[in-house]
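Asks: no sequence for this one, just the structure:
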């Protein structure tokens, strides 16, 4: 079992595969954000930046900035329009833009997709978030869009269980997809990392469910 002070093997090919996987997971819930804030391009730009890196592009400062921009878009989506960040010129917040927890998690998924390129080759449980954060936030966005409250009671999800796959509110549309479509690099790198860390609320639970399924 690796310890957090250990370095792990991580090839450029694996890093690009992980970034592409994260982008595909995040892209699944982009419509949830764009339905609420159609004039805000930041999450889509983050996903496209992750896809460009996955396709062979350079890991530039613009890629990192796209991750932060999508993170700020999530903050704007989570806040009432009157409280949206005034320092974000790209923010389309208006008096008619209510807070949208589902849109916020969709934007967080996009942010994690762009940040996946910055996975560090360290045996640290928090690095699992770089691998699976986009999928977990996308799954949570689906839950919220299906009607779960932001503070709703957490329910266990068994990835691959048909009884849960059929329930849209279980958040397993993207979670199941993420399990079935993970490239070999994802499971290989997870195998070099400790298990996903505790905490993180419902998103953390979804991440741990996916992490366990991919290691099985």
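Replies: Great, that's in hand. Since we're looking at a predicted model, the values are computed, not measured.
Asks: quick one, what contacts the residue positioned nearest the centre of the chain?
Replies: Nearest to the mean C-alpha position of the chain, by CA atoms, centre = their mean, lies residue 134 at 1.4 Å. When contacts are counted by CB atoms under 8 Å, 6 or more residues apart in numbering, residue 134 touches 22, 23, 25, 26, 109, 110, 112, 113, 116. Every C-beta, even on glycine, is put in place using the N, C-alpha and C of the backbone.
Asks: Out of these, the closest to residue 73 would be?
Replies: Each of the contacts of residue 134 was scored against residue 73 by CB to CB, and residue 110 proved nearest at 7.7 Å.
Asks: Which stretches in the protein count as strands?
Replies: Shown for the chain, no strands are assigned by DSSP state E.
Asks: so where is it shaky, pLDDT-wise?
Replies: 1-5, 80-97, 148-172 (pLDDT under 70).
Asks: Mind doing that once more with 80?
Replies: Within the chain, the segments meeting pLDDT under 80 span 1-5, 80-99, 148-172.
Asks: Tell me where the protein has helices.
Replies: For the chain, applying DSSP state H gives helices covering 12-27, 30-36, 42-54, 61-78, 101-115, 128-145, 162-165, 172-180, 184-190, 201-215.
Asks: angle of the last one against helix 12-27?
Replies: Using axes from the mean of the first three to the mean of the last three CA atoms, to 10 degrees, the inter-axis angle of helix 201-215 relative to helix 12-27 is 130 degrees.
Asks: and helix 201-215, how far out from the chain's middle?
Replies: Taking CA atoms, centre = their mean, to the nearest Å, the mean C-alpha location of helix 201-215 is offset from the chain mean by 12 Å.
Asks: Please pick the buried ones from the contacts of residue 134.
Replies: 22, 23, 25, 26, 109, 110, 112, 113, 116 (16 or more other CB atoms under 10 Å).
Asks: Go through stretch 59-79 and flag the buried ones.
Replies: Quick answer for stretch 59-79 (16+ other CB under 10 Å): 63, 66-67, 69-79.
Asks: Good, we can wrap up now.
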